[in-house]
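Chemist: The following comprises the amino acid sequence and a computationally predicted model.
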Amino acid sequence: MEVSIMKTFVKKTVVLLLGMALVPGIFCLQAFAHDMWLNMRHYTFEAGNPAYLTIGYGHYFAGPGGEFMPQEYLDELLMFDPDGRNMKIKADNEVEYQSEEPLQKTGTYLVVAKKKGGFFTKTTEGWQRGHSKKGLRNVIRCSYSEKYAKAIVNIGNGRGNVFSKTLGHKLEIVPLQDPSELREGDYMPVKVLFEGKPLQAPVYATYAGFSTEKNAFAYATKTNKEGVAKVKILKSGVWLVIVKHEVPYPDPAECDKISCSAALTFEVK
């Protein structure tokens with residue numbers, strides 16, 4: 001049963017969320033690291049045009065504007081056409097990218113980004129980027145960060161199933177429906193995988209323009225034992241879905257945990 005609430009969570013409480021039903025409201029995640037997501041200039045456009053995008057990087061979803069991920073952090077950026085063919089994306093400048101060739105085929109395309117993994121260690125003297133615990137003194141905590149992002153775009157009417165393509169990311173959001181078929185009030189079903197297996201985890205979602213507060217989300221839900229969750233589309237527009245998951249680092253002498261995040265952006269007309 002849905003319950004409408006207006007309440008700010010200053011701390012991510014997994015136990016509470018796992019006991020919740022689908023809930024619209026205001027939710028704030030406790031922030032230790034930036035989120036990464038894809039901002040498409042257009043999510044639906046005519047054939048014969050390239051896809052243009054930026055990579056958002058920060059603590060609030062403001063659409064195409066705001067903070068951008070430095071290019072040197074990027075490990076992989078590509079897209080798949082409606083037939084699953086790999087298409088290359090090139091950098092126009094430090095923050096803007098475009099597909100190397102125009103998008104010609106009518107249908108749905110999937111854009112994918114992966115950030116370079118890296119250590120983030122906090123000591124009594126501050127944060128040490130790129131360093132594990134080894135060789136550092138007075139360590140407070142250490143995490144190894146991995147970030148992944150997807151976006152769905154359409155040429156004309158959506159066609160094909162490339163939007164649901166599984167890529168093998170450590171943490172992955174797999175859309176189960178083409179968002180071009182959705183309207184305000186509908187539900188967007190997604191499947192969350194960790195190392196290829198269904199993950200029970202909180203899922204947060206928001207839309208561009210919802211809030212200028214950091215880490216604020218319009219909707220929260222959770223996946224079931226099959227890893228499936230449904231996000232209610234409270235308003236038409238560009239949406240962001242975020243999932244985060246942490247596991248112990250294999251060698252506790254080197255680092256404490258692996259912190260993964262996955263993002264999905266799409267537009268509902």
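Modeler: Looks like it came in fine.

Chemist: C-alpha only now, for contacts and for neighbours.
Modeler: Noted.

Chemist: Next, the distance between the ends of stretch 41-60.
Modeler: End-to-end distance for stretch 41-60: 18 Å, by Cα to Cα, to the nearest Å.

Chemist: buried stuff in it?
Modeler: By neighbour count on 16 or more other Cα atoms under 10 Å, the buried set for stretch 41-60 is 42-45, 50-60.

Chemist: how long is stretch 228-237 end to end?
Modeler: In stretch 228-237, first residue to last residue: 23 Å (Cα to Cα).

Chemist: Just the buried residues of the longest strand along the chain, please?
Modeler: Assignment by DSSP state E gives strand 139-155 as the longest strand of the chain. Buried positions in strand 139-155, judged by neighbour count with 16+ other Cα under 10 Å: 139, 141-155.

Chemist: Then stretch 180-193?
Modeler: Neighbour-count burial for stretch 180-193 flags 180, 182, 183, 186, 187, 188, 189, 190, 191, 192, 193 (criterion: 16+ other Cα under 10 Å).

Chemist: now stretch 258-269
Modeler: 258, 259, 260, 261, 262, 263, 264, 265, 266, 267, 268.

Chemist: in this structure, what secondary structure element scores lowest on mean pLDDT?
Modeler: In the chain, the helix or strand scored least confidently by mean pLDDT, DSSP states H and E is helix 14-18, which has a mean of 35.

Chemist: List the pairing partners of the longest strand of the chain within its sheet, with orientation.
Modeler: Strand 139-155 has the following sheet partners, assigned by DSSP bridges: strand 44-45 (parallel), strand 107-115 (antiparallel), strand 118-123 (antiparallel), strand 257-268 (parallel).

Chemist: The last one - what's its average pLDDT?
Modeler: So that's strand 257-268. Taken as a whole, strand 257-268 has a mean pLDDT of 97.

Chemist: where does the chain dip in pLDDT?
Modeler: 1-33, 62-66 (pLDDT under 70).

Chemist: My guess is residue 204 contacts residue 216. True?
Modeler: No: applying Cα atoms under 8 Å as the test, residue 204 and residue 216 come out as separate, 9.3 Å apart.

Chemist: re earlier: export the strands paired with strand 139-155 to TSV and tack on distance to residue 34?
Modeler: TSV is the format used below for these (distance: least, Cα to Cα, whole Å):
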stretch	distance to residue 34
strand 44-45	27
strand 107-115	12
strand 118-123	12
strand 257-268	10
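
Chemist: nearest to residue 70, of those?
Modeler: Using Cα to Cα as the measure, strand 107-115 is the one of those that comes nearest residue 70, at 10.1 Å.

Chemist: contact partners of the closest one?
Modeler: Strand 107-115 is contacted by residues 38, 73-82, 146-163, 178 when judged by Cα atoms under 8 Å, 6 or more residues apart in numbering.

Chemist: May I ask which helix or strand encompasses residue 157?
Modeler: In the assignment (DSSP states H and E), residue 157 maps to no helix and no strand.

Chemist: can I assume it is in contact with residue 180?
Modeler: Yes: under the criterion of Cα under 8 Å, residue 157 makes contact with residue 180 at 7.3 Å.

Chemist: between these two, what contacts are shared?
Modeler: Residues touching both residue 157 and residue 180 (Cα under 8 Å, 6+ apart): none.

Chemist: quick revisit: neighbouring contacts of the next helix or strand after the longest strand of the chain?
Modeler: Using DSSP H and E, the helix or strand that follows strand 139-155 in sequence is strand 171-175. Here strand 171-175 makes contact (Cα under 8 Å, 6+ apart) with 148, 163-166, 188-196, 243, 245, 260-264.

Chemist: that older thread, which members of the buried residues of stretch 41-60 occur in strands, if any?
Modeler: 44, 45, 52, 53, 54, 55, 56, 57, 58.

Chemist: With adjacent residues omitted, what lies nearest to the fourth one?
Modeler: Pointing back at residue 53 there. If the residues on either side of it in the chain are set aside, residue 53 comes closest to residue 40, at 4.3 Å by Cα to Cα, 6 or more residues apart in numbering.
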